[in-house]
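# Quick one: sequence and predicted model below, then my questions.
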Amino acid sequence: MAPSDPSSFKIILGSSSSSRRLILTEMGYQFTVMTADIDEKAIRMQTPEELVMTLAEAKAEAIMSKLELDAYKEDPVPTLLITADQVVVHGGLIREKPTSKEEAREFIKGYSGEHASTVGSVFVTNLKTGIRKGQCDKTEVYFHEIPDEVIDNLIEEGHVLKVAGGLLVEHPLTWPFVEAVVGTIDSVMGLPKTLTESLIQQALELI
């Protein structure tokens with residue numbers, strides 16, 4: 001899919017994730033960043049797909065409540081708000097961001113020699129027209145045995161505490177122990193490029 005003309009619209013990325021910022025930059029877009037600051041634990045759903053879609057939409061609502069929406073409706077250049085969420089599923093259980101180093105260690109040790117799924121959502125809101133488009137994306141990650149020393153180093157560094165399931169596949173300490181990724185690495189990192197581009201075009205009514 002050909003990328004949208006970045007000069008024809010503006011983007012607000014509703015995420016503090018450094019990985020999502022990196023991916024959106026790689027896609028050729030400039031953007032501003034806002035965070036939703038919602039209580040994600042207060043939102044519970046039955047399936048991972050329902051959960052990540054509901055959370056991405058809730059983030060969009062929270063950010064929109066901080067904006068002067070009339071100004072965006074009157075602006076001749078549309079602004080797109082992009083929000084996203086992700087969980088990891090392992091052993092049939094939904095895993096969000098670890099609440100402690102101990103939980104992060106338990107999560108990562110569980111992946112050793114096994115596989116986990118990432119279930120993510122992307123939600124694009126056209127602040128000028130009100131059009132909203134969202135969808136889920138799923139990726140499977142298979143691991144070799146991960147040595148305890150590597151897990152200790154990941155925990156000590158601390159970045160794994162900030163991501164769903166403590167799963168940082170792209171991290172230089174983790175990547176050597178990834179056997180296979182069924183899906184795309186950008187999806188694992190929290191913002192699937194192809195899906196995001198498709199939703200951008202849908203929200204702009206280009207397709």
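Sure, I can see it.
# What distance do you get for the residue of the chain most remote from its centre to E68?
Residue farthest from the centre of the chain, counting by CA atoms, centre = their mean, is E74 at 29.7 Å. Using CB to CB, to the nearest Å, E74 is found at 10 Å from E68. C-beta coordinates here come from the backbone N, C-alpha and C atoms, glycine included.
# number of nearby residues for S8?
Applying other CB atoms under 10 Å, we find 10 other residues in the vicinity of S8.
# just Y142 next, same as before
For Y142, the neighbour count with other CB under 10 Å is 14.
# May I see the buried residues of the helix or strand it falls within?
Element membership of Y142 [criterion: DSSP states H and E] is strand 132-143. Counting neighbours by 16 or more other CB atoms under 10 Å, one finds that the buried residues in strand 132-143 are 133-139, 141, 143.
# ok, of those, which one's closest to T25?
Nearest to T25 among the buried residues of strand 132-143, counting by CB to CB, is D137 at 19.3 Å.
# separation between that closest one and E26?
Taking CB to CB, one finds D137 at 17 Å from E26.
# Tell me who's in contact with the residue lying closest to L195 once chain neighbours are set aside.
Among residues not flanking L195 along the chain, D137 sits closest, at 5.1 Å (CB to CB, 6 or more residues apart in numbering). Shown in contact with D137 (CB atoms under 8 Å, 6 or more residues apart in numbering): 119-122, 183, 187, 192, 195.
# give me the low-pLDDT residue ranges for the protein?
Residues of the chain that meet the criterion pLDDT under 70 lie in 1-3, 39-42, 207.
# Swap in 50 and give it another go.
Across the chain, not a single residue meets the criterion (pLDDT under 50).
# Show the contacting residues for A203.
Going by CB under 8 Å, 6+ apart, A203 touches 80, 124-126, 131-133.
# For P98, state which of these is nearest.
V124 (28.4 Å).
# Check the spacing between the closest one and K109 real quick.
For V124 relative to K109 (CB to CB), the value is 36 Å.
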